[in-house]
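>>> predicted coordinates and the sequence they were generated for:
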There are 2 protein chains.
Amino acid sequence: MSRDEAQERIWTRMCAFVGALQDEITRAIEDLDGGGRFREDLWRHVGGGGGRTRVLEGGVVFEKAAVNTSAVEGRFDESFARKLGGEGVEYSATGLSLIFHPQSPMVPAVHANVRYIVHGARSWFGGGIDLTPYYLFEDDARHFHATLKAMCDRHGPGRYARYKKACDEYFFLKNRGEARGLGGIFFDHESGELEAELAFAIDCGRAFMAAVLPIMERRKDASFTEEQRAWQETRRGRYVEFNLLYDRGTAFGFETRGRTESILVSLPPRVRWAYAHEPADGSEEAQLVAVLRAPREWA
Amino acid sequence: MSRDEAQERIWTRMCAFVGALQDEITRAIEDLDGGGRFREDLWRHVGGGGGRTRVLEGGVVFEKAAVNTSAVEGRFDESFARKLGGEGVEYSATGLSLIFHPQSPMVPAVHANVRYIVHGARSWFGGGIDLTPYYLFEDDARHFHATLKAMCDRHGPGRYARYKKACDEYFFLKNRGEARGLGGIFFDHESGELEAELAFAIDCGRAFMAAVLPIMERRKDASFTEEQRAWQETRRGRYVEFNLLYDRGTAFGFETRGRTESILVSLPPRVRWAYAHEPADGSEEAQLVAVLRAPREWA
């Protein structure tokens, strides 16, 4: 056991929250999908603890949806431990991570995560929610960001602006000079007052459904062409590039010898890479790319 | 200019060889394809020099084929320079890199590369050829490895065994516990006697066609099912994982601010990720995976 008494109290509540949130979200997603069902895989972690991976594939709305929880313990490699901050090599980590890749290019992909990490005397929260549409619906972007801002504002001024900026900076593909999507919020190493940060992480997890489900409801029945579907698959290539080249969550997963299939379930189900593909000037596809190259304020 | 006189002589001959090999291979591939045509993009490198990228997409045999050359100069970041060996931060690099992703799952994907890198007083050759089939044809594996072994043996004993082992070790996906393909040869930091190493790199480049084209010729007209095509696309996911998570060439390209589209042209055109996909026991797909998990000797 590598958690002190105060950490243990937070850990227990975070684990309980994460488990309940997984149930709530998977129920809501099955309802929204109206056909697909999640399968569940329980797995054990080499260092201790384990996870519960739930994946829906080939649904009506969702081509792939994953809602994963884990609560693991172990020992970092020395060099990774130094890079991460904290002290010693023993750690515990618990959290929920989700990703939705819809069938339709009119429905955005969504990713969210909340986590609590204990590393020696230090422990901290991290997480976030971000939206990756393949076509730009400004109403959706405004609703999404406004919902997150309202949630952040309940926890004090400045959080939204800080986390929105961090999100734009984090989900950025250096190799492309583009953001992965329209951003959202991203926070990490929040270790100030653990009770307050737990409350924020819980609110963040709960805000997910209000921020995302109305967008999916209103876009899921829109028609689309084969060309629009091809565009979605090409843009999904950027998603893969980000997750494998830059994502710290993926690196953390491999570094701590997590379960490969639970880590890489984030990758989109069908993807294309076309050489030097550029959307036509003035097209809807070009409008999206313009926003990815120059992120905007939406709330 | 960061090359001394001896290096300059080698550099000039390597550049000339690489240019001629590009022409020879692109002609042979267009002939074999019988429909597709390469497009060519010339690009300038930020530090000096540039490249010639040739890509064929949507051919009859080849879904994507790229044969790229470059001859660039620049300055490494300090930390990258230390990691790489050599001295100072000025470098020159020239080489040819190719990748073929066939339409048919019965035709293997192929990658090859030869390069000469100058870093201060040190300069060295690197490269290799490796085969990634989606179905196992033992005849193909034997022909491929035997051709490479015969070429290596002309340059002294022990090369093939050493480079075959290095290839199995290099093209290995730690996250999957699998080799990317059936291997081939891989060499790096060969700096003993530059004339001899240049001769080897040239022979390696030339061996490519003899090692690969007969396999493509005899497999290209085989019929296949939709399920076999889906398997190819799923296995291509591993190719993407390797190139983005582990490949030093991709990292070198980004590190030296190479042209993104010329680096990522290595990625397969259409790819799938299915959660926890395992081929049925005893199937042809399972036979391939068994060999990837326990690489064999083929020559």
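Yep, that arrived.
>>> right, and the helix or strand after the helix or strand that residue A:238 is a member of?
Using DSSP states H and E, residue A:238 falls within helix A:226-245. Heading C-terminal from helix A:226-245, the first helix or strand you meet, by DSSP H and E, is helix A:248-255.
>>> tell me what that next one is packed against?
Packed against helix A:248-255 by the contact rule (3 or more Cβ pairs under 8 Å, 6 or more residues apart in numbering or on different chains; DSSP states H and E) you find helix A:260-263. Backbone N, C-alpha and C define where each C-beta goes, glycine included.
>>> the helix it packs on packs against which elements?
Counting contacts by 3+ Cβ pairs under 8 Å, 6+ apart, helix A:260-263 packs against strand A:39-44, strand A:49-57, helix A:248-255.
>>> try 10 Å
Here helix A:260-263 touches strand A:39-44, strand A:49-57, strand A:62-75, helix A:248-255, going by 3 or more Cβ pairs under 10 Å, 6 or more residues apart in numbering or on different chains; DSSP states H and E.
>>> and the last one, how far out from the chain's middle?
When distances are taken as Cα atoms, centre = their mean, to the nearest Å, helix A:248-255 is centred 13 Å away from the chain's centroid.
>>> swap in stretch A:249-261?
15 Å.
>>> against residue A:106, how distant is the closest residue to chain B within the stretch 101-250 of chain A?
Residue nearest to chain B within the stretch 101-250 of chain A (Cβ to the nearest Cβ): residue A:244, separated by 3.7 Å. In this view, residue A:244 and residue A:106 are 26 Å apart by Cβ to Cβ, to the nearest Å.
>>> again, but for residue A:228
8 Å.
>>> now do the shared contacts for these two.
Jointly contacting residue A:228 and residue A:106 under the rule Cβ atoms under 10 Å, 6 or more residues apart in numbering or on different chains are A:134, A:135, A:222.
>>> for chain A, what are the low-confidence residue spans?
Chain A contains residues with pLDDT under 70 at A:1.
>>> can you do 90?
A:1-2, A:77-88, A:120-121, A:189-192, A:256-257 (pLDDT under 90).
>>> top helix in it by residue count?
Longest among the helix segments of chain A by residue count, using DSSP state H, is helix A:5-33.
>>> quick check: buried residues in it?
A:7, A:10-11, A:14-15, A:17-18, A:21-22, A:25-26, A:28-30, A:32-33 (16 or more other Cβ atoms under 10 Å in any protein chain shown).
>>> same question for stretch A:39-46.
By neighbour count on 16+ other Cβ under 10 Å, the buried set for stretch A:39-46 is A:41, A:43, A:45.
>>> the first one against residue A:55, yeah?
Yes: Residue A:41 lies in contact with residue A:55 (Cβ atoms under 10 Å); the separation is 7.7 Å.
>>> and for the two, which residues touch both?
Listed contacts common to residue A:41 and residue A:55 are A:68, A:261, A:262, A:265, B:275, B:276; contacts here mean Cβ under 10 Å, 6+ apart.
>>> span of stretch A:265-275 from start to end?
Using Cα to Cα, to the nearest Å, one end of stretch A:265-275 lies 25 Å from the other.
>>> the helix or strand harbouring residue A:288 packs against which elements?
For residue A:288, the enclosing helix or strand under DSSP H and E is helix A:284-293. Contacts defined by 3+ Cβ pairs under 10 Å, 6+ apart place helix A:284-293 against helix A:138-153, strand A:178-179, helix A:226-245.
>>> how about it: buried residues?
For helix A:284-293, the neighbour count (16+ other Cβ under 10 Å) marks A:285, A:288, A:289, A:291, A:292 as buried.
>>> distance to residue B:148 for those residues - can I get that in JSON lines?
JSON lines is the format used below for the buried residues of helix A:284-293 (distance: Cβ to Cβ, whole Å):
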{"residue": "A:285", "distance to residue B:148": "44"}
{"residue": "A:288", "distance to residue B:148": "46"}
{"residue": "A:289", "distance to residue B:148": "43"}
{"residue": "A:291", "distance to residue B:148": "49"}
{"residue": "A:292", "distance to residue B:148": "44"}
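>>> list, one by one, the residues from the stretch 101-250 of chain A near chain B.
The stretch 101-250 of chain A comes close to chain B at residues A:101, A:173-177, A:230, A:233, A:236-237, A:240-246, A:250, as judged by Cβ under 10 Å from any Cβ of the partner chain.
>>> ChimeraX command for the buried members of those residues?
The ChimeraX selection below is limited to those of those classed as buried (16+ other Cβ under 10 Å):
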select /A:101,173,175,176,233,236,237,240,241,242,243,244,245,246,250
